[in-house]
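Engineer: Turn this into a structure:
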Amino acid sequence: MGVDELAIQAHEKGEIEHDTYHTITLMEDDNIEKNSTEGGGKRLIRIVKRSRVNNDLIVELELEKEHVEHLAPGKREKKSLATSNAWGQHLLIASSLLTVNGLATVVDDKKLLKVCGEETVMLQDLTITNVVAGISHKTVRYFIPYNLIPPHLESNTNVDQDMPDSTK
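Structural biologist: Numbers count the residues shown, from 1 in each chain. I've put the predicted structure just below:
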């Protein structure tokens, strides 16, 4: 995919040595303009990612509405679309971005699963594709629930800390 092997190894080493937190907040507001989702109001997703690579990266999307942002350098266009086939149990975010190696697409598919009858885990199936080269890389991760306030949110009063969807 055009990524230096040493960079990939450093990234993987960082994931082993440092915890990754994804704090996912799902919001629904029946008082906001209706969209195409079942059951009424606008559905919003807020993900705060804290890892060795992402230092409180915040992603905010409206369900089933394409989000476009322009990134430096050169005002590169990044498009993202969040969908769900089971609100509160499943979230799929599909993104595209022009990189130095051509158009890249990212499909981030998150599902809550029950394992061993009782335990809940979040399965993340992440697929990155270089569209021009036709090469894909798939990563599968499992996150376990983190029932305390994640360390990166302990002093942050701007994030709703009572949401049950925090995962580690």
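
Engineer: Can you classify the closest residue to residue 115 other than its chain neighbours as helix, strand or coil?
Structural biologist: Leaving aside its chain neighbours, residue 115 sits nearest to residue 121 (5.6 Å; criterion: C-beta to C-beta, 6 or more residues apart in numbering). The C-beta positions use only the backbone N, C-alpha and C, and glycine is treated the same way. Per DSSP: H, G, I helix; E, B strand; the rest coil, the local secondary structure of residue 121 is strand.

Engineer: if I read this right, residue 121 contacts residue 140, doesn't it?
Structural biologist: No: with contacts counted by C-beta atoms under 8 Å, residue 121 stays clear of residue 140, the gap being 11.6 Å.

Engineer: Same drill for the two, tell me which one is more crowded.
Structural biologist: Ranked by neighbour count (other C-beta atoms under 10 Å), residue 121 and residue 140 place residue 121 first, with 17 against 10.

Engineer: gap between the more buried one and residue 146?
Structural biologist: Distance from residue 121 to residue 146, counting by C-beta to C-beta, to the nearest Å: 12 Å.

Engineer: Kindly report the same for residue 86.
Structural biologist: Taken as C-beta to C-beta, the span from residue 86 to residue 146 is 22 Å.

Engineer: And residue 16, its phi and psi?
Structural biologist: phi -70, psi -40 (degrees, to the nearest 10).

Engineer: Direction included, what does the longest strand belonging to the chain pair against?
Structural biologist: Using DSSP state E to define each element, the chain has its longest strand at strand 102-115. Within its sheet, strand 102-115 is paired with strand 90-99 (antiparallel), strand 119-130 (antiparallel), according to DSSP bridges.

Engineer: Tell me how many other residues surround residue 85.
Structural biologist: For residue 85, using other C-beta under 10 Å, the count is 9.

Engineer: try residue 124
Structural biologist: So residue 124, with other C-beta under 10 Å, has 18 neighbours.

Engineer: And residue 115, by the same measure?
Structural biologist: If we define neighbours as other C-beta under 10 Å, then residue 115 has 11 of them.

Engineer: Output the strands paired with strand 102-115 in CSV; the columns should cover mean pLDDT.
Structural biologist: Output for the strands paired with strand 102-115, formatted as CSV (pLDDT from 0 to 100):
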stretch, mean pLDDT
strand 90-99, 94
strand 119-130, 92
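
Engineer: Confirm for me that residue 61 is in contact with residue 44.
Structural biologist: Yes: the pair residue 61 / residue 44 is scored as a contact, 7.3 Å apart, by C-beta under 8 Å.
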